[in-house]
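J.: Just the structure for this:
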Amino acid sequence: MDTLECIFTRRSIRRFGDAPVTEGQIRTVLKAAMAAPSAGNQQPWRFIVLTEEPSRVAASECTPYGRMLLDAAFGLVVCADMSDLKHPQMWQQDCSAAVQNALLAAHAMGLGAVWLGFWPKMERVTPLKEALGIPEGVEPLAVIALGHPAESKEPADRYDAGFVHRERW
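T.: Numbers count the residues shown, from 1 in each chain. Model (predicted):
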C-alpha cells in the first residue's frame, strides 16, 4: 500500500477480531510512532503497551468511549515525559504526530485502530494515570486500541474546498 492510499483509506476501527498480533507488529507500530516529527527533536513521547486483559480493562474504564479496548489485541498509551522539554508548549503536537504515525502504520499492516482522546480531559487523565501507575511529570495524551479489524469501512473523501483559503482569510 503506498502512502497516499494508506492516508486516504484509513478509518477508525472500533470492532476487533480475536486474532493475536505479533511482537513484530507491535514494534513496527512503535517504530512508526517514534519516527514522527517533534519540536526541536525533543521526542517527548513515552508509550505503555497494553496486551494483558486487566490492563486494557483498567484503561477502558477511564473513558466513556473505551469499550473497544476490551476486544482489542492491544492498547497503546501515548504519553509525554514533561521533564527537560526544550519546547514544553509543543508536547501535544509532538505526541499527536506520533499517534497519527501509529494509526497509519497499523492500517498499512492490515490492522485496525482507533484514537481515544484523553488530554486535556482530566476526568479521564487522572484515573488513567492512577490505573496504569503513570508517574508525576508524565502526561497521557491518548490511548489507541489496535487489533485485527472485525468491521470494514469504505474510504471517505473529506476534502472540502470551502475549508481552504489562499493568501488571506
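J.: Tell me what the closest residue in space to Phe16 that isn't next to it in sequence is bridged to.
T.: Distances taken as Cβ to Cβ, 6 or more residues apart in numbering put Gly147 closest to Phe16, at 3.5 Å, once the chain neighbours are dropped. No exception for glycine: its C-beta is placed from N, CA and C like everyone else's. Per DSSP bridges, the residues bridged to Gly147 are Gly112.
J.: residues contacting Gly147?
T.: By Cβ atoms under 8 Å, 6 or more residues apart in numbering, Gly147 lies in contact with 16-17, 19, 21, 71-74, 111-113.
J.: Considering these, which possesses the most neighbours?
T.: In terms of neighbour count, Ala72 stands highest of the contacts of Gly147 at 30 neighbours, by other Cβ atoms under 10 Å.
J.: thinking again about what came up before, between the contacts of Gly147, which sits nearest Lys86?
T.: Ala113 (29.6 Å; Cβ to Cβ).
J.: related to what we said a few turns ago, next, format the contacts of Gly147 as JSON lines and append pLDDT.
T.: Shown next, in JSON lines, are these (pLDDT from 0 to 100):
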{"residue": "Phe16", "pLDDT": "98"}
{"residue": "Gly17", "pLDDT": "96"}
{"residue": "Ala19", "pLDDT": "95"}
{"residue": "Val21", "pLDDT": "97"}
{"residue": "Asp71", "pLDDT": "97"}
{"residue": "Ala72", "pLDDT": "98"}
{"residue": "Ala73", "pLDDT": "98"}
{"residue": "Phe74", "pLDDT": "98"}
{"residue": "Leu111", "pLDDT": "98"}
{"residue": "Gly112", "pLDDT": "98"}
{"residue": "Ala113", "pLDDT": "98"}
